[in-house]
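Student: Here is my input, please return the structure:
(chains A and B)
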Amino acid sequence: RKEVEQDPGPFNVPEGATVAFNCTYSNSASQSFFWYRQDCRKEPKLLMSVYSSGNEDGRFTAQLNRASQYISLLIRDSKLSDSATYLCVTSGTSGTYKYIFGTGTRLKVLA
Amino acid sequence: EPEVTQTPSHQVTQMGQEVILRCVPISNHLYFYWYRQILGQKVEFLVSFYNNEISEKSEIFDDQFSVERPDGSNFTLKIRSTKLEDSAMYFCASSVGGHTGELFFGEGSRLTVL
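Tutor: Now for the predicted structure:
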């Protein structure tokens, strides 16, 4: 089983739509969770950290379900500029010193 | 805003040649990383570095690879004898402390091995 698994997409949605991505992780001892955004041929950039109680940042909402070992990202009112690849990332497992990236989910927002 | 800087942005080399990729992490960060991304594939962990030694390395990081922090600012990745399959984008990253906070990436060094 992959350490961090995501649907690669692409998700093609019209402007203004709501879209949700899920990510599953295999190591129940993971402590920290993030969503990163990566534009084509660019470096990953932090979109938001994911907290146990769930958190929101403007149009973006992240949820963590530790029991089922999945993380979600909800984007409301999609903009053309949201088109990118969204990377699910875990870290903080005791005894390891790395951040583990999923393959990413590609989003295309269409005019 | 502080940033991670990497040089060169693009390097073309012949198979078998040595390559050194350079990074300047954010100044107050303590943990340093190298990741690579082959075109169209996922971001893969290579190595993490703390307190002047390797904390963890992946299976990819074999004897052909080495890292060094030669002074207080630079963090380098050396590939001793490049192979065609080493062609990728190499990202340097740093974090303030531990492996639970935000990971800041440089813009990457694109390596093309011919």
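Student: thought B:Ser73 was touching B:Val24?
Tutor: Yes: at 5.3 Å, B:Ser73 counts as touching B:Val24 under the criterion of Cβ atoms under 8 Å. Quick note: C-beta positions are derived from backbone N, CA and C, even for glycine.
Student: Comparing these two, which shows the higher neighbour count?
Tutor: B:Val24 (16 against 11; other Cβ atoms under 10 Å in any protein chain shown).
Student: which regions of the chain sit below the pLDDT cut-off?
Tutor: Unless you meant another one, I'm taking chain A. Within chain A, not a single segment meets pLDDT under 70.
Student: cool, chain B as well?
Tutor: For chain B (pLDDT under 70), the answer is none.
Student: now the most centrally placed residue in chain B: how far from chain A?
Tutor: Residue closest to the average C-alpha location in chain B (Cα atoms, centre = their mean): B:Trp34, at 3.1 Å. For B:Trp34, the distance to chain A equals 11 Å [Cβ to the nearest Cβ, to the nearest Å].
Student: so is that residue in a helix, a strand, or just coil?
Tutor: strand (DSSP: H, G, I helix; E, B strand; the rest coil).
Student: so it makes contact with B:Ile54?
Tutor: No: between B:Trp34 and B:Ile54 there is no contact, the gap being 10.4 Å when judged by Cβ under 8 Å.
Student: Quick one: residues contacting the residue lying closest to A:Lys2 once chain neighbours are set aside.
Tutor: What sits nearest to A:Lys2 in space, not counting adjacent residues and going by Cβ to Cβ, 6 or more residues apart in numbering or on different chains, is A:Ser26, at 6.9 Å. The contact partners of A:Ser26, by Cβ atoms under 8 Å, 6 or more residues apart in numbering or on different chains, come to A:Arg1, A:Lys2, A:Glu3, A:Val4, A:Glu5, A:Gln69.
Student: Let's see that with 7 Å instead.
Tutor: A:Ser26 makes contact with A:Arg1, A:Lys2, A:Glu3, according to Cβ atoms under 7 Å, 6 or more residues apart in numbering or on different chains.
Student: So which of those residues sit within strands?
Tutor: Of the contacts of A:Ser26, none are assigned to strands by DSSP state E.
Student: got the residue ranges for the helices in chain B?
Tutor: Using DSSP state H, no helices are found in chain B.
Student: So which bits of it are right by chain A?
Tutor: B:42-43, B:45, B:48, B:55-56, B:91, B:99-100, B:102-103, B:105-108 (Cβ under 7 Å from any Cβ of the partner chain).
Student: Please flag which of those sit within strands.
Tutor: Filtering the residues of chain B next to chain A for strands - DSSP E - leaves B:Val43, B:Phe45, B:Ser48, B:Ser55, B:Glu56, B:Phe91, B:Phe105.
Student: ok, back up a step: name the residues contacting each of B:Trp34 and B:Ile54.
Tutor: B:Val47, B:Val67.
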